[in-house]
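Participant: What follows is a predicted structure for the sequence shown.
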Amino acid sequence: MDAVDANLKGDILSSDEEDDVADYASYTEENSNYNVRLKSGIDVDQLLREEGVVLEPDETELNTAEEDGRKYFDLGDKELDDILKSQSEDFAANNVDDDENLTPFQKKAIGMVDLCNDGSVKKRILKPGLECDGVVPDRSAVIIHYSCSIEDQDEPYDSTYIRSRPERHRLGSGHLLTGIELAILSMKKCEKSEYIIQPQHAYGPLGCPPRIPQNAALLVKIELMDFSEEGEAEAMLAVDPKDRGKQHTFHDILEVVTKEHKEGNRCTKKQEYKLGAKSFERGVKLLEDADLSNDEEEVIQKTMLKKLQSNRGYCYLKCNWPKKACLALQEAASININDKKLNAKIFYRLGIAKKKLGHFGDAMENLKRAHKLLPSDPDIGSEIATVDKIVKKERDDEKAMYQHMFRARNGQQATPNKPRNRNFDDEHYAEIMEQLEAFQMDDTQSEMTLPRGMESMISIVESGCSELDMSLEKSIGKNPTFKVVKTPSK
């Protein structure tokens with residue numbers, strides 16, 4: 001067995017290192033005494049011990065005959081290359097007499113594949129895609145990078161690469177040019193191709209002044225990063241709930257909801273939380289409107305709804321949308337299904353959402369309910385400690401504020417601080433979290449003073465700091481300032 005493995009390994013190595021081996025084809029009958037200098041001598045003792053000897057030629061001593069042998073094979077490669085070129089459409093087309101009369105786009109179109117059989121959309125694959133998922137189906141959701149150029153212009157007039165951010169589109173929605181949609185429908189996942197699109201599938205005879213001239217053809221490069229087929233859920237949701245119940249049974253709807261559940265989980269694992277939330281939302285809408293025939297279907301509906309609402313709330317938390325998360329998680333908590341682990345998860349997430357909103361009392365209440373169900377869970381215990389620390393700090397701040405209110409200075413009472421505002425939008429929270437995360441990643445700063453006028457948003461900042469393992473410090477005085485301080489690395 002060892003001998004077989006050794007022989008196999010030898011074959012693999014000689015194949016992989018083909019470019020590095022010396023050329024022995026110079027040996028001919030006319031030159032049967034061809035000499036090759038070895039890099040090192042033969043060890044006779046090794047031969048006697050049957051250990052074998054490696055005979056390695058000295059490549060620096062190649063003689064003229066050997067070089068001629070190399071040239072012979074170089075010549076063969078060139079001849080083979082010429083044969084292949086002579087059979088290529090590009091080679092034939094690029095040598096026509098009137099090639100100089102072609103425009104740059106016409107030259108580039110030579111050898112491209114005609115997608116519409118009328119020359120209106122032509123394609124060249126730059127990087128092949130994955131075969132496993134096939135081409136993009138109609139009405140799919142696609143994530144693409146692209147750049148669009150007009151003939152005789154050096155820079156693209158539109159490019160996601162310049163914006164450093166791919167885009168997600170739904171095919172058939174009317175947001176993309178018809179030529180670009182036709183191009184995408186010919187692609188496979190991870191494929192990169194370029195297309196020449198004629199005006200009838202672009203901006204038409206009028207163009208789009210001042211950037212796009214009349215009758216302008218486009219050169220479009222597209223990279224298809226991912227796609228997902230149009231969900232059956234979307235097709236079902238397009239039908240009125242009353243008609244939907246007549247066309248589909250509960251089990252038909254449940255099957256589609258299960259697919260949305262799996263798709264949402266897949267997106268969540270890829271940290272595509274907004275896409276995941278949309279999948280869970282579609283599943284919730286279908287189940288809430290479903291007609292039920294018996295108690296068994298009601299139990300199945302409630303169980304699935306509880307899972308979908310819980311996962312939906314989790315995605316909202318990851319998007320820094322605590323208000324939406326609270327609504328979804330409260331819906332999940334209200335569904336009476338005896339699932340100890342799931343209920344603990346819901347209360348834990350609801351506690352985090354309440355903490356993000358600055359409702360620390362409600363946060364503690366929900367976290368304690370989660371802890372009661374799973375007393376040994378370390379994450380729940382850690383979150384309770386964090387909220388408790390914030391509550392104690394807030395209580396101390398209020399105590400200091402009231403003490404300061406009654407201290408007379410120069411015969412005047414100090415003005416109390418404005419109360420903290422806990423009514424804010426998810427967009428405000430998300431924006432503040434983005435700023436805090438950017439500060440956390442900035443190695444050049446260890447602390448950040450908050451601007452004046454943010455007193456009403458301090459509860460949001462305080463909650464965000466606790467999530468990012470930073471602290472919020474407040475100065476003492478009539479007009480206190482707040483600053484975010486990074487925790488020193490251990």
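Facilitator: Now that the structure is in, tell me what you want to look at. Numbering: from 1, shown residues only.
Participant: what stretches of the stretch 251-400 of the chain score poorly on pLDDT?
Facilitator: Regions of the stretch 251-400 of the chain meeting the criterion pLDDT under 70 cover residues 394, 397-400.
Participant: what about Arg124, how many neighbours?
Facilitator: When counting by other CB atoms under 10 Å, one arrives at 15 neighbours for Arg124. Where C-beta positions appear, they are placed from N, C-alpha and C, glycine not excepted.
Participant: what sits against it?
Facilitator: Gly111, Met112, Val113, Ser193, Glu194, Tyr195 (CB atoms under 8 Å, 6 or more residues apart in numbering).
Participant: Tell me the one of those residues nearest Pro205?
Facilitator: Pro205 has its nearest neighbour among these in Tyr195, at 19.9 Å by CB to CB.
Participant: What residues of the helix or strand where that closest one lies count as buried?
Facilitator: For Tyr195, the host element (DSSP states H and E) is strand 192-197. Buried residues in strand 192-197, counted by 16 or more other CB atoms under 10 Å: Lys192, Ser193, Glu194, Tyr195, Ile196, Ile197.
Participant: Parallel or antiparallel, which strands does it pair with?
Facilitator: Here strand 192-197 is paired, per DSSP bridges, with strand 121-127 (antiparallel), strand 218-228 (antiparallel).
Participant: Identify all contacting residues around stretch 371-391.
Facilitator: 340-341, 343-344, 347-348, 351-352, 355, 360-361, 363-364, 367-368, 370, 462-463, 466.
Participant: Using PDB, list the CA coordinates for that stretch.
Facilitator: The C-alpha trace of stretch 371-391 is given here as PDB (Å, rounded to 0.1, in the frame of the first residue of the first chain):
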ATOM      1  CA  HIS A 371     -33.900  34.200  33.900                       C
ATOM      2  CA  LYS A 372     -36.700  32.500  35.700                       C
ATOM      3  CA  LEU A 373     -37.200  30.100  32.700                       C
ATOM      4  CA  LEU A 374     -33.500  29.600  32.100                       C
ATOM      5  CA  PRO A 375     -31.600  30.400  35.400                       C
ATOM      6  CA  SER A 376     -28.300  29.100  34.200                       C
ATOM      7  CA  ASP A 377     -28.100  31.000  30.900                       C
ATOM      8  CA  PRO A 378     -25.000  33.300  31.100                       C
ATOM      9  CA  ASP A 379     -26.200  35.800  28.500                       C
ATOM     10  CA  ILE A 380     -29.300  36.500  30.500                       C
ATOM     11  CA  GLY A 381     -27.400  36.900  33.700                       C
ATOM     12  CA  SER A 382     -24.900  39.200  32.100                       C
ATOM     13  CA  GLU A 383     -27.600  41.400  30.600                       C
ATOM     14  CA  ILE A 384     -29.400  41.700  34.000                       C
ATOM     15  CA  ALA A 385     -26.100  42.900  35.500                       C
ATOM     16  CA  THR A 386     -25.700  45.500  32.800                       C
ATOM     17  CA  VAL A 387     -29.200  46.900  33.200                       C
ATOM     18  CA  ASP A 388     -28.800  46.900  36.900                       C
ATOM     19  CA  LYS A 389     -25.700  48.900  36.600                       C
ATOM     20  CA  ILE A 390     -27.400  51.500  34.400                       C
ATOM     21  CA  VAL A 391     -30.400  51.700  36.700                       C
END
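Participant: So what touches stretch 251-266?
Facilitator: In this structure, residues lying in contact with stretch 251-266 by CB under 8 Å, 6+ apart are 228, 231-233, 236, 244, 276-280, 282-283, 286-287, 290, 300, 304, 307-308, 311-312, 315.
Participant: Tell me which of those fall in strands.
Facilitator: Ser228 (DSSP state E).
Participant: What about the contacts of stretch 251-266, which are in helices?
Facilitator: 232-233, 236, 244, 276-280, 282-283, 286-287, 300, 304, 307-308, 311-312, 315 (DSSP state H).
Participant: Test my guess that Lys188 contacts Met225.
Facilitator: No. The pair Lys188 and Met225 fails to qualify as a contact (CB atoms under 8 Å) at a distance of 11.6 Å.
Participant: element containing Lys262?
Facilitator: Going by DSSP H and E, Lys262 is in helix 250-269.
Participant: Please disregard the earlier target; I meant Lys107.
Facilitator: helix 104-109.
Participant: With only the CA atoms kept, save that helix in PDB.
Facilitator: The C-alpha coordinates for helix 104-109 follow below in PDB (Å, rounded to 0.1, in the frame of the first residue of the first chain):
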ATOM      1  CA  PRO A 104     -15.300  51.100 -30.500                       C
ATOM      2  CA  PHE A 105     -18.600  49.400 -29.400                       C
ATOM      3  CA  GLN A 106     -18.900  47.600 -32.700                       C
ATOM      4  CA  LYS A 107     -15.300  46.300 -32.400                       C
ATOM      5  CA  LYS A 108     -16.000  45.100 -28.800                       C
ATOM      6  CA  ALA A 109     -19.200  43.400 -29.900                       C
END
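Participant: chain center to whatever helix or strand comes next after it: distance?
Facilitator: Moving toward the C-terminus from helix 104-109, the first helix or strand encountered (DSSP H and E) is strand 113-114. Its chain's C-alpha centre and that of strand 113-114 lie 31 Å apart, by CA atoms, centre = their mean, to the nearest Å.
Participant: ditto for stretch 361-377
Facilitator: Using CA atoms, centre = their mean, the offset of stretch 361-377 from its chain centre is 33 Å.
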